[in-house]
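Q: Just a sequence and a predicted model for now, questions to come.
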Amino acid sequence: MTLRTSTRSIPQALTTASITQEEPTCFSQANKLPEWRAAMAEEFNALLRNGTWSLVPRDPAMNLIGCKWVYRIKRKADGSLERYKARLVAKGFHQQEGLNYLETFSPVVKPTTIRTILAVAVAHD
């Protein structure tokens, strides 16, 4: 049996050789590296700037909802490093119906999505 190799090149972003660092799975791993600490600081400062939450006095009857950090390495199309991205996310599975279902989290829409929708709308008049 003869194996043929393709003449097409595989983008570097899809090869395992291009991954030089793994994404942390928890805060204690990420906190050891300055690039992840900077990404977490950037995310936290953005949350404060945008007024994402407000601190309120704790009521003993409150169901507190925790949060966790999620880490991703963003890469360019050629596989090179674009940035380290950290997101602070709520552990929504701790919510209780009737207690803290009053507010809804809405993810941010990417500009490319908006441009695509507008282009389709213009094309269909």
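A: Looks like it came in fine.
Q: any chance you could map the strands in this protein?
A: Secondary structure of the chain, counting by DSSP state E: strands at 67-75, 81-90.
Q: For those strands, could you give me CSV that also reports distance to residue 56, mean neighbour count and mean pLDDT?
A: In short, each C-beta sits where N, CA and C put it, glycine included. Below are the strands of the chain laid out as CSV (distance: least, CB to CB, whole Å; neighbours: other CB atoms under 10 Å; pLDDT from 0 to 100):
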stretch, distance to residue 56, mean neighbour count, mean pLDDT
strand 67-75, 16, 15, 92
strand 81-90, 15, 15, 91
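Q: got those strands as TSV, with distance to residue 121 columns?
A: Putting the strands of the chain into TSV (distance: least, CB to CB, whole Å) gives the following:
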stretch	distance to residue 121
strand 67-75	29
strand 81-90	30
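Q: partner residues bridging the closest residue to residue 82 other than its chain neighbours?
A: Excluding the flanking residues, the one nearest residue 82 by CB to CB, 6 or more residues apart in numbering is residue 74, at 4.4 Å. For residue 74, the beta-bridge partners are residue 83 (DSSP bridges).
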